[in-house]
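Chemist: Return atomic coordinates for the entry below.
(3 chains)
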Amino acid sequence: MAAVAERRATGSAIVMVAYLLFLLTPIYWLVTMSLKTNAEITGTFSLWPHEPTLANYRTILTDPSWYMGYVNSLTYVVLNTAISLAVALPAAYAFSRYRFMGDKHLFFWLLSNRMAPAAVFALPFFQLYSAVGLFDTHIAVALAHCLFNVPLAVWILEGFMSGVPREIDETAYIDGYSFPRFFVRIFMPLIASGIGVAAFFCFMFSWVELLLSRTLTSVNAKPIAATMTRTVSASGLDWGVLAAAGVLTIVPGALVIWFVRNYIAKGFALGRV
Amino acid sequence: MDKPVNNRAWFLVLPVLVLVAFSAVIPLMTVVNYSVQDTFGNNQFFWNGLGWFQEVLDSDRIRAALGRQILFSAIILAIEIPLGIFVALNMPKRGFWASVVLVLMALPLLIPWNVVGTIWQVFGRVDIGLLGHTLAAMGFDYNYVNDPVDAWATIVVMDVWHWTSLVALLCYAGLQSIPDAYYQAARIDQASRWAVFRHIELPKMSGVLLIAVLLRFMDSFMIYTEPFVLTGGGPGNATTFLSIDLVKTAIGQFDLGPAAAFSLIYFLVILLISWVFYTVMTAQKDAP
Amino acid sequence: MARITLDALAHSYLPAPRGEDDFALKPMTMTWQDGGAYALLGSSGCGKTTLLNIISGLLVPSRGRVLFGDRDVTTLPTAARNIAQVFQFPVVYDTMTVRDNLAFPLKNRGMPAARIAARVAEVAAMIGMADALDRRARGLTADAKQKISLGRGMVRQDVNAILFDEPLTVIDPHMKWELRTQLKSLHRQFGHTMIYVTHDQTEALTFADQVVVMSEGRVVQAGTPQALFDRPEHTFVGYFIGSPGMNLLDAEVRGDRALIAGAQVALPGDHGLPQGRVQIGIRPEFVTPAEGGRGEEGGGLPFRLERVEDVGHHRILRGRVGDQPLTMLLPEDHALPAGIDRAVPATAHLHVYADDWRVPPVAGERAD
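Modeler: Below is the predicted model of the structure:
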């Protein structure tokens, strides 16, 4: 029997190694490419860079039209995360604590926005934001991404808030706390991990989205991801720089994952396990 | 649920309503507006009734795209859900390696979607990509740019690569919530590995599996960026999914009316199928 | 079925235990007789669950052996030991019906369907769920689920032992009593060896023939409920069992006399000159109040009454002897003297403890 358990553990290890290899090989390929010269990429087929170079990264980090893409992306992602959380927190509290006229319909209607294809909204957004003079600004992209991030944030936060017993609210009111003070001083610390998870998801979906952010920007707020596509079509052959740009888009995500690694499993279940 | 009734809670929901009204309702109204009007340019619109809807529903091009879309979602659900469960069952439960595995698995989820496309575009190329080169070296005539089957296979593998971890992480969270006593009881009862899965693990995962199926269905049905970067919808129209077709119509050709009608039908189809999934999966759960 | 022997058993959760403090379970040797009803009693964290997991095979002990009959099962996994276990929280297969839940352990062992059906019907009747057999287990109350767990533990007739890990924690108080009585009668009926872990003395004393009291990873006493009450071998047993617990008073002992707070009391025998921290133990039931003021000849200890609590059939008197607390338990109809200032212990029920362990009289004691 002990042998069976051991064999099972070995089996699991093999499965995991195989799966992680599958996940990491394409990323590895991107990373090696970013460290090669274009001559090496197209000329010889090598599994690792024979003449490692940081020239591709230097190109990106010294050229404003490249690195401003990162600044733009991070700007609207952070803006979006802040806006989404700010409006989702009170709404999630209302849904988790009270019944009110039309609450269920409202909740499902909010969630249905998560199912709206970005492609449906691309054109109307373009016209709307052009009409109000927000085209090609960070705030336009941040607001557009609220379309799918706000419902998600409300949903995640509602899940975590429902896990906090209502007696805590009542005790605080009896102790003479006003609602805003109670919410900020007592309630928010209690659902800190939920807020972290919601922030993580807002960051993630805003960071990875391209269709809306590309449609709503042209120069001043152009995201890095869109900068990449343009470069491919223009020069077409600068694989090294393209790979380096790709690698750099993975870095912020990897950093964020590292910070939330202990909540990640529960977080992906949206607080509903 | 014994939540108190309090209509003043509306004030707490108000910010969300205003925001969503701005970012969803107004644009959606524009879409509805376009969908029932026609124009000859120079900003003159006239009533066209349900004409555009008729045209969209009759369009062979859009029907074909819908068929491809359904086939694609079905294939990736059939692969990613079982594979995700299988991976979750084999993940280390605690300790240092559990953290490492979690972080590595989440990595593809945080890569911008066009970069996902780029990664596979590069990876699959016969001249400079590891995958394409290896397949060519093994004698396969692999070319995702010209061969529809290869293009499909590459997109499916790419999606599996991109999203299976989401399913696995959700299932893993479900598995983590099972107390050790259940496994101990199963050992005492001499339950087989299959029985443990069928009667302990699967029931505990059903809640998160519902989320996983819904998320994967919705997102695969809306897929745009990854295949657009990888194949641009080609070869021919072989990988033109609904979103790609819609963006071509709306922004490429500026056919506002048909695009708007198309958008509304598209949205309704997603809502409808999601609702069906939700109903079927929760009905099964609530059965006595 | 089999006798269970724990031979020089010890367990540490650390890979390289050094001092005695590193052991969750301190070395012990004991035998559980075949067909006995045992309770493993102690406060949480005393090592009782560790011991149970070693017996059930969920843990392999760091030292020593576990024998079922004459067979060494120390490293055998749970499934090979042929035992049943009921856990603290109901462990029920939610997707199965009550019937399938009860039949599950039998089906897995390939018992013929007809015998399974008969046995399931029998067990269902015992746990009072005969009319709910075809219901899904999901959605049943915690009570009902725990009854199913109990039933699943009992359904196999050939088990070496049935282990219960605080099985009544989630059960309503009135159901607790009923289920405990049922367990007791099942034990009489089938004669399985049963080991029942609990921190509740009432549960332990009413269920078991033999109670094993544990404290800080050590078995401090094993005996009948009566023995634990009459002659606690360790101060822990003294105050853990009985309500209120035993009084323990610091004292000086010389032979058959003890000096407590300046007063002398007679001991039931010659105890020599015990070393270490010496205490006199007396249960509240065996101390009576007296009105004295006449000093030494009135007998007993100087007592300052602080509070009287009425608990139904009894009254509890709380007060102090010198600066040490002392409680007395009086029947309700016992008249209270007006000016209580003495507490008179019954000599036969006095015990001497040195560093928490009981010191027997030098001349030996008569067997009860």
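Chemist: Flag the shaky bits of the chain, pLDDT-wise.
Modeler: Let's take chain A. Applying pLDDT under 70 to chain A picks out residues A:1-6, A:229-237, A:264-273.
Chemist: Hmm, no, I was thinking of chain C.
Modeler: For chain C (pLDDT under 70), the answer is C:1, C:292-298, C:364-368.
Chemist: and it, which of its residues are near chain A?
Modeler: Contact residues, chain C versus chain A (CB under 8 Å from any CB of the partner chain): C:Thr75, C:Leu76, C:Pro77, C:Ala79, C:Ala80. All C-beta atoms are positioned from the backbone trio N, CA, C, and that covers glycine.
Chemist: Buried residues, the helix or strand that contains the last one. List them.
Modeler: Put plainly, it is C:Ala80. Secondary structure assigned from DSSP states H and E places C:Ala80 in helix C:78-81. By neighbour count on 16 or more other CB atoms under 10 Å in any protein chain shown, the buried set for helix C:78-81 is C:Thr78, C:Ala79, C:Arg81.
Chemist: Stretch B:57-76 now?
Modeler: In stretch B:57-76, counting by 16+ other CB under 10 Å, buried: B:Ser59, B:Ile62, B:Ala65, B:Leu66, B:Arg68, B:Gln69, B:Phe72, B:Ser73, B:Ile75, B:Ile76.
Chemist: Secondary structure, distance to chain A and pLDDT for the residues you listed - can I get that in JSON lines?
Modeler: Output for those, formatted as JSON lines (DSSP: H, G, I helix; E, B strand; the rest coil; distance: CB to the nearest CB, whole Å; pLDDT from 0 to 100):
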{"residue": "B:Ser59", "secondary structure": "coil", "distance to chain A": "16", "pLDDT": "78"}
{"residue": "B:Ile62", "secondary structure": "helix", "distance to chain A": "13", "pLDDT": "82"}
{"residue": "B:Ala65", "secondary structure": "helix", "distance to chain A": "12", "pLDDT": "87"}
{"residue": "B:Leu66", "secondary structure": "helix", "distance to chain A": "13", "pLDDT": "88"}
{"residue": "B:Arg68", "secondary structure": "helix", "distance to chain A": "15", "pLDDT": "91"}
{"residue": "B:Gln69", "secondary structure": "helix", "distance to chain A": "11", "pLDDT": "90"}
{"residue": "B:Phe72", "secondary structure": "helix", "distance to chain A": "14", "pLDDT": "94"}
{"residue": "B:Ser73", "secondary structure": "helix", "distance to chain A": "13", "pLDDT": "93"}
{"residue": "B:Ile75", "secondary structure": "helix", "distance to chain A": "17", "pLDDT": "95"}
{"residue": "B:Ile76", "secondary structure": "helix", "distance to chain A": "15", "pLDDT": "94"}
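Chemist: which residue does chain B bring closest to chain A?
Modeler: B:Leu110 (2.7 Å; CB to the nearest CB).
Chemist: residues near the residue lying closest to that residue once chain neighbours are set aside, how many?
Modeler: Using CB to CB, 6 or more residues apart in numbering or on different chains and skipping residues adjacent in sequence, the residue nearest B:Leu110 is A:Gly253, 2.7 Å away. By other CB atoms under 10 Å in any protein chain shown, the residues close to A:Gly253 number 22.
Chemist: can you check C:Leu329 too?
Modeler: 20.
Chemist: Then B:Gly84?
Modeler: B:Gly84: 24 neighbours (other CB under 10 Å).
Chemist: you'd agree it is up against B:Val160?
Modeler: No: here B:Gly84 does not reach B:Val160: they are 9.5 Å apart, not a contact under CB atoms under 8 Å.
Chemist: The stretch 1-150 of chain B: strands as residue ranges?
Modeler: With strands called from DSSP state E, counting those that start in this stretch, the stretch 1-150 of chain B shows them at B:37-39, B:45-47.
Chemist: same thing with the stretch 151-300 of chain C?
Modeler: Under DSSP E, counting those that start in this stretch, the stretch 151-300 of chain C gives strands at C:162-165, C:194-198, C:210-215, C:218-223, C:247-250, C:252-254, C:257-260, C:263-266, C:278-282, C:287-290.
Chemist: any chance of the ones you listed in JSON lines, plus distance to C:Val66?
Modeler: Output for the strands of the stretch 151-300 of chain C, formatted as JSON lines (distance: least, CB to CB, whole Å):
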{"stretch": "strand C:162-165", "distance to C:Val66": "13"}
{"stretch": "strand C:194-198", "distance to C:Val66": "12"}
{"stretch": "strand C:210-215", "distance to C:Val66": "15"}
{"stretch": "strand C:218-223", "distance to C:Val66": "15"}
{"stretch": "strand C:247-250", "distance to C:Val66": "35"}
{"stretch": "strand C:252-254", "distance to C:Val66": "40"}
{"stretch": "strand C:257-260", "distance to C:Val66": "43"}
{"stretch": "strand C:263-266", "distance to C:Val66": "46"}
{"stretch": "strand C:278-282", "distance to C:Val66": "34"}
{"stretch": "strand C:287-290", "distance to C:Val66": "43"}
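Chemist: and among these, the most buried is which?
Modeler: strand C:194-198 (a mean of 25; mean count of other CB atoms under 10 Å in any protein chain shown).
Chemist: Near chain B, which residues of the stretch 1-150 of chain C are found?
Modeler: Residues of the stretch 1-150 of chain C lying near chain B (CB under 8 Å from any CB): C:56, C:58, C:77-79, C:83-85, C:87-89, C:91, C:93-96, C:104-105, C:108-109, C:135-136, C:138-139, C:149.
Chemist: go with 6 Å
Modeler: C:58, C:78-79, C:85, C:87, C:91, C:93-95, C:104-105, C:108, C:136 (CB under 6 Å from any CB of the partner chain).
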